[in-house]
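**Q** This is a predicted model, with the sequence first.
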Amino acid sequence: MKTLHHEVKRIMSNDLGKNFNLFKRAVLSLAVLGLICTSCSNNNDTTEPESQLEATLELQRSAEIDQIDSVLGDLVIEAYEEQESGISDRNPQDGTIPACVTITIVAQQGYRQVTLDFGTEGCMVRGHLIRGQIVFDYTRNPEAQQIMINYNLLDFYFDAKNVIASRSILRERSNDNGNPQFTHSLDITVVWPNGAEASREGAKIREWVEGFGTGDFSDNIFEITGNWTAIFINGNSHTYTVLTPLSRPANCAYFVSGTFDVQRTNFGGILDYGDGACDDQATFTFNNGTEIPFTLN
């Protein structure tokens, strides 16, 4: 009997030990889960403003790339149109290219190479200091429906930002609306003075909706459609899709109207350029409805 009694106590002790160990593990698991949930909750509370700040900064940098894109496109297109129209006596007040830009042309049978040299000290273009060179070339055929213009940037700086690009523009004499159209490849890398860096790839379609053929570049109006991706040095990427055409007069440094959709891993929203005023203001509305004013410069 004593032996049986001791055996029963041993078995009960083992079972209790096992159950207690299971209980301890369950309590520990709940405690860890609680800590994780608390940490998640705290992270959501504390990082959301930081994420919004980071997103706004990235949008700002992307807007700066938009400005560079616009000016580069204007300069190349204006210089190309001057060559093809036979204009040799340009008035710097009529367009984008100021008198401080030195233009050199290599003309051969069926071929043109044009260099826009802004000098090592720089040249002011629409309030932006540009240094370096844009060199573009194309096969000349006045009767062609499409012409490919290829251009490179050499030691190129835009307001102290180093811009690295080798790109192309497909010029179509007439699109479905009867307007000239330019499809821009967007491969570009921009390095800010503080070491920040961003690159962009994709395509923009620029339709020349007003002012074509007047000989005065300042009265032109372009509408932009397309989609592209911006990639930042921290690994974040944004995708941009134009929802309503972005409108920009050639004599304004900014889009004056139009919207595009922006999507990133942790946020998204709509950037709206306004109702037609030439200013540096826009509005970004996050997907959750939060709206923030946005300065493009």
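**A** Great, that's in hand.

**Q** which residues of the stretch 51-200 of the chain score low on pLDDT?
**A** 51-52, 86-95 (pLDDT under 70).

**Q** how does it look with 50?
**A** In the prediction, the stretch 51-200 of the chain carries no residues with pLDDT under 50.

**Q** Distance from stretch 252-271 to the middle of the chain?
**A** Here stretch 252-271 shows a centroid-to-chain-centroid distance of 9 Å under the convention Cα atoms, centre = their mean, to the nearest Å.

**Q** State the mean pLDDT of that stretch.
**A** Mean pLDDT, computed over stretch 252-271, is 90.

**Q** Number the residues from 50 up from this point.
**A** Yep, numbering from 50; the last one is stretch 301-320 now.

**Q** Name the residues of that stretch that are buried.
**A** 301-309, 311, 313, 316-320 (16 or more other Cβ atoms under 10 Å). Every residue, glycine included, has its C-beta placed from N, CA and C.

**Q** Got phi/psi on the residue nearest to F281 when sequence neighbours are not counted?
**A** Distances taken as Cβ to Cβ, 6 or more residues apart in numbering place A247 nearest to F281, at 5.0 Å, with adjacent residues excluded. With angles defined as degrees, to the nearest 10, A247 sits at phi -150, psi 150.

**Q** At which residues are the helices of the protein located?
**A** 51-134 (DSSP state H).

**Q** Can you pull up the most central residue in it?
**A** S111 (3.9 Å; Cα atoms, centre = their mean).

**Q** I'd say that one and G251 touch.
**A** No. S111 lies out of contact with G251 (Cβ atoms under 8 Å); the separation is 11.8 Å.

**Q** If you tally nearby residues, what's the number for the closest residue to A245 other than its chain neighbours?
**A** Closest residue to A245 apart from its sequence neighbours, by Cβ to Cβ, 6+ apart: I282 at 6.3 Å. Using other Cβ atoms under 10 Å, I282 is surrounded by 12 other residues.

**Q** from memory I282 sits against E246, does it?
**A** Yes. In this structure I282 lies within contact range of E246 using Cβ under 8 Å: 4.2 Å.

**Q** quick one, what contacts the residue nearest to the centre of the chain?
**A** 247, 249, 279, 287, 289 (Cβ atoms under 8 Å, 6 or more residues apart in numbering).
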